[in-house]
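Asks: pasting the structure only:
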């Protein structure tokens, strides 16, 4: 399952650095999540869903 973080970030006009500051993770983490090389923890997924005002799907 692919994520839509890059698209959601673009819709809000956020840079990776701005998303990093809102979630307390490294830019490398955000980059890896966007590239589907890393699956975020449940806690991080929930934090991201708050920033994007959306729901998450756990598989």
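Replies: Cool, the structure landed. Small disclaimer: the values here were computed from a predicted structure and weren't measured. Numbering: from 1, shown residues only.
Asks: and residue 20, how many neighbours does it have?
Replies: Applying other Cβ atoms under 10 Å, we find 17 residues neighbouring residue 20. Any C-beta I mention is one placed from the backbone N, CA and C, and that applies to glycine too.
Asks: Can you name the helix or strand that it falls in?
Replies: helix 16-23 (DSSP states H and E).
Asks: got a list of what the nearest residue in space to residue 47 that is not next to it in sequence touches?
Replies: Using Cβ to Cβ, 6 or more residues apart in numbering and skipping the chain neighbours, the partner closest in space to residue 47 is residue 23 (5.0 Å). Contacts for residue 23 (Cβ atoms under 8 Å, 6 or more residues apart in numbering) come out as 30, 44, 47-48, 51.
Asks: mind checking how far residue 55 is from residue 36?
Replies: Using Cβ to Cβ, to the nearest Å, residue 55 is found at 19 Å from residue 36.
Asks: So for those two, which residue has more residues nearby?
Replies: Taking other Cβ under 10 Å, residue 55 and residue 36 do not tie; residue 36 has more neighbours (11 against 7).
Asks: What helix or strand is the more buried one located in?
Replies: Assigned by DSSP H and E, residue 36 falls within no helix or strand.
Asks: how close does the nearest residue in space to it that is not next to it in sequence get to residue 39?
Replies: Leaving out its chain neighbours, the residue that sits closest to residue 36 by Cβ to Cβ, 6+ apart is residue 2, at 5.7 Å. As for residue 2, its distance to residue 39 is 11 Å (criterion: Cβ to Cβ).
Asks: Can you pick out the residue with more neighbours from those two?
Replies: For residue 2 versus residue 39, the count of surrounding residues by other Cβ under 10 Å is larger for residue 39: 13 against 7.
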